[in-house]
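> have a look at this prediction, sequence included:
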Amino acid sequence: MVTVAPTSRNLSPPDTTQPNPPKKLDAGALFVLKSRGSWLHCGYHLTTAIVAPALLSLPFALALLGWEGGVTVLALAGIITFYSYNLLSLVLEHHAELGHRQLRFRDMAHDILGPGWGRYYVGPLQLGSCYGAVIACILLGGQSLKFIYLLARPDGTMQLSHFIVIFGSFTLILAQIPSFHSLRHINLVSLILCFAYCACTTAGAIYIGNSHKAPPRNYSLTGVGINRIFGFFNAISIICTTYGNGIIPEIQATIAEPVTGKMFKGLLVCYTVVISNYFSVGISGYWAFGNQVDSSVLQNFMVGSNPLLPKWFLLMTNGFTVLQVAACTLVYLQPSNVVLERRFADPKKGQLSARNVVPRLITRSLSVIIATTFAAMLPFFGDIMALFGAFGCIPLDFILPMVFYNLTFKPSKKGLVFWVNTVIGVGSTGLSLIGAVASVRQIILDARTYRLFANM
């Protein structure tokens, strides 16, 4: 799965011959994106950003594609994203060597594409995608808490919105952690939790598949005509989104100088976790439940209100999921934290001074409260998030890295690197447009079931 991108030693460097003078850091970059971490810390951050409970939808994606298509797309998406993230890392390292370290995605767009691209396209696109991910994580955390509650009290009367508020309150407290680097220990625990709930999910699927409780398995593709075609593209979008990470520059910004080679090591740590967990959950879930697998494979562990596994096992699995999704929420809050600190903090004062602590407490609390309100109000946000993925995840992770690399290093148009990057970029653009159409179609189909603050 590991694909090493060409290094700058093998390509013509850009025309810049004089290092750019370093810019004075604003409060967002100075306080939130502290550059003190190691490559191992980078691996923790990367893993938490990519390996989220959304991977529990991979068996559903494989069911839409079939065995051959599903496993092929799962492998290709892993290869392409590793390659793409490594390209971004090489571009960031190159600019750091020139004396102008880029700490944010919009900084890259500003310097490579022009000021307008950073301010009006890449910056808002990343911020919207990451904040959308925060809303989706809070919703998922609330749903997991509700599952635990109903497992313990099947006749309970608490609503989904109550659990979303509980999870949002927990997130509000953790959101006060001042910097991205400060999350390194939480993200190490998150990495361990990834292995834990993925191992539980895989073991549970294999146990059910081999038991007398196993449902009849059918691996034929469902749907006909246009429904099957849109199913294919929905599956590809799901898989691409599970590999998504729109904050590679911000993660690399947490690494202490010199940065050369450290991000690649962090990616190796991350993709060791990614490959082992994605393939084990995806293949075991599809094998156990066939084309009857639900959008989250954990839902198949219950038949009505009857668990197919011991209650303690389901409680433990969902407990691991809740804790890991909390860490994931904190990671995707960082881009909005950068914006808020830049606007309201004073870089001339200390990070823990009253002048900066009070605005941080107020603005971050409001940010989490707004996200929690949206999660409770829109429990069907998953459909909307699919649209965010088409317009946000794919451009940030599959298109812009190719563009940035080709414009920075200017590989020969007769060489393989240029055309590989171009093909990936153009193909991803087409996928983004088709995915957007498929997402809008799904929203229209599901619109009749939408109700604000629904207890889903």
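Yep, it's here. Numbers count the residues shown, from 1 in each chain.
> hey, let's count contacts and neighbours off CA atoms from now on
Fine.
> okay, helices next: where are they in the stretch 351-456 of the chain?
354-377, 381-388, 394, 400-409, 416-446 (DSSP state H, counting those that start in this stretch).
> in TSV: these, plus distance to residue 314 and mean neighbour count.
Formatted as TSV, the entries for the helices of the stretch 351-456 of the chain read as follows, by distance: least, C-alpha to C-alpha, whole Å; neighbours: other C-alpha atoms under 10 Å:
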stretch	distance to residue 314	mean neighbour count
helix 354-377	24	18
helix 381-388	23	20
helix 394	33	26
helix 400-409	40	21
helix 416-446	29	17
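> just the helices in the stretch 51-200 of the chain please.
Listed in chain order, the helices of the stretch 51-200 of the chain (DSSP H, counting those that start in this stretch) span residues 58-97, 105-112, 115-117, 123-152, 160-174, 184-210.
> isn't residue 234 up against residue 437?
No: in this structure, residue 234 is not within contact of residue 437 by C-alpha atoms under 8 Å, at 9.9 Å.
> output the lowest mean pLDDT helix or strand found in this protein.
Comparing every helix and strand of the chain by mean pLDDT, DSSP states H and E singles out helix 381-388 as the least confident one, with a mean of 66.
> and residue 130, how many neighbours?
25 (other C-alpha atoms under 10 Å).
> confidence score at the residue nearest to it when sequence neighbours are not counted?
Using C-alpha to C-alpha, 6 or more residues apart in numbering and skipping residues adjacent in sequence, the residue nearest residue 130 is residue 332, 5.3 Å away. Predicted confidence (pLDDT) at residue 332: the value is 95.
> what helix or strand is residue 332 on?
Element membership of residue 332 [criterion: DSSP states H and E] is helix 311-344.
> got the angle for that helix vs helix 160-174?
Following axes from the mean of the first three to the mean of the last three C-alpha atoms, to 10 degrees, one obtains 60 degrees for the angle between helix 311-344 and helix 160-174.
> one step back: lowest mean pLDDT across the helices of the stretch 351-456 of the chain, which one is that?
Averaging pLDDT over each of those singles out helix 381-388 as the lowest, with a mean of 66.
> for stretch 405-422, measure first residue to last.
Across stretch 405-422, the straight-line distance between its terminal residues is 10 Å, by C-alpha to C-alpha, to the nearest Å.
> how far out from the middle of the chain is it?
Here the centre of mass of C-alpha atoms in stretch 405-422, compared against the chain's by C-alpha atoms, centre = their mean, to the nearest Å, lies 27 Å away.
> check stretch 202-216 too.
Using C-alpha atoms, centre = their mean, the distance from the centre of stretch 202-216 to the centre of the chain it belongs to is 29 Å.
> next, the buried residues of that stretch.
With burial defined by 16 or more other C-alpha atoms under 10 Å, the residues of stretch 202-216 counted as buried are 202-209.
> circling back to that earlier point, check which residues of the helix holding residue 332 are buried.
314-315, 317-342, 344.
> now the angle between helix 123-152 and it, please.
Helix 311-344 and helix 123-152 meet at an angle of 150 degrees, taking the same axes, to 10 degrees as the criterion.
> dump the C-alpha coordinates for stretch 251-258 into CSV.
Extracted as CSV, the C-alpha positions of stretch 251-258 are listed here (Å, rounded to 0.1, in the frame of the first residue of the first chain):
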residue,chain,number,x,y,z
ILE,A,251,-0.8,18.5,11.2
GLN,A,252,2.6,19.0,9.6
ALA,A,253,2.7,22.4,11.3
THR,A,254,2.9,20.7,14.7
ILE,A,255,6.2,19.1,13.8
ALA,A,256,9.4,20.7,15.2
GLU,A,257,12.0,21.9,12.8
PRO,A,258,13.7,20.5,10.8
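> list of residues touching it?
Around stretch 251-258, the neighbours that count as contacts under C-alpha atoms under 8 Å, 6 or more residues apart in numbering are 33-39, 42, 45-46, 89, 102-104, 180-181, 262-263.
> select only the buried ones of those in ChimeraX?
Buried members of these, defined by 16+ other C-alpha under 10 Å, are picked up in ChimeraX with:
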select :33,34,35,37,38,39,42,45,46,89,102,103,104,180,181,262,263
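> pull stretch 284-298 out as CSV, backbone CA atoms only.
These are the backbone C-alpha positions of stretch 284-298, laid out as CSV (Å, rounded to 0.1, in the frame of the first residue of the first chain):
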residue,chain,number,x,y,z
SER,A,284,-15.4,-9.2,7.8
GLY,A,285,-18.6,-7.1,7.9
TYR,A,286,-19.5,-7.8,4.2
TRP,A,287,-18.6,-11.5,4.6
ALA,A,288,-20.9,-11.9,7.7
PHE,A,289,-24.0,-10.0,6.4
GLY,A,290,-23.7,-9.8,2.6
ASN,A,291,-25.8,-7.3,0.9
GLN,A,292,-28.1,-7.0,4.0
VAL,A,293,-25.3,-5.1,5.8
ASP,A,294,-26.5,-1.7,7.3
SER,A,295,-24.9,1.7,6.8
SER,A,296,-23.1,1.0,10.1
VAL,A,297,-22.2,-2.6,10.6
LEU,A,298,-22.8,-2.3,14.3
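> what residues does it touch?
Around stretch 284-298, the neighbours that count as contacts under C-alpha under 8 Å, 6+ apart are 56-57, 59-60, 62-64, 201-202, 205-206, 208-209, 214-222, 300.
> count the residues that sit near the residue nearest to residue 388 when sequence neighbours are not counted.
Once flanking residues are discounted, residue 388 sits nearest to residue 129: 6.1 Å by C-alpha to C-alpha, 6+ apart. Here the neighbour count serves as a burial measure; for residue 129 (other C-alpha under 10 Å) it reads 24.
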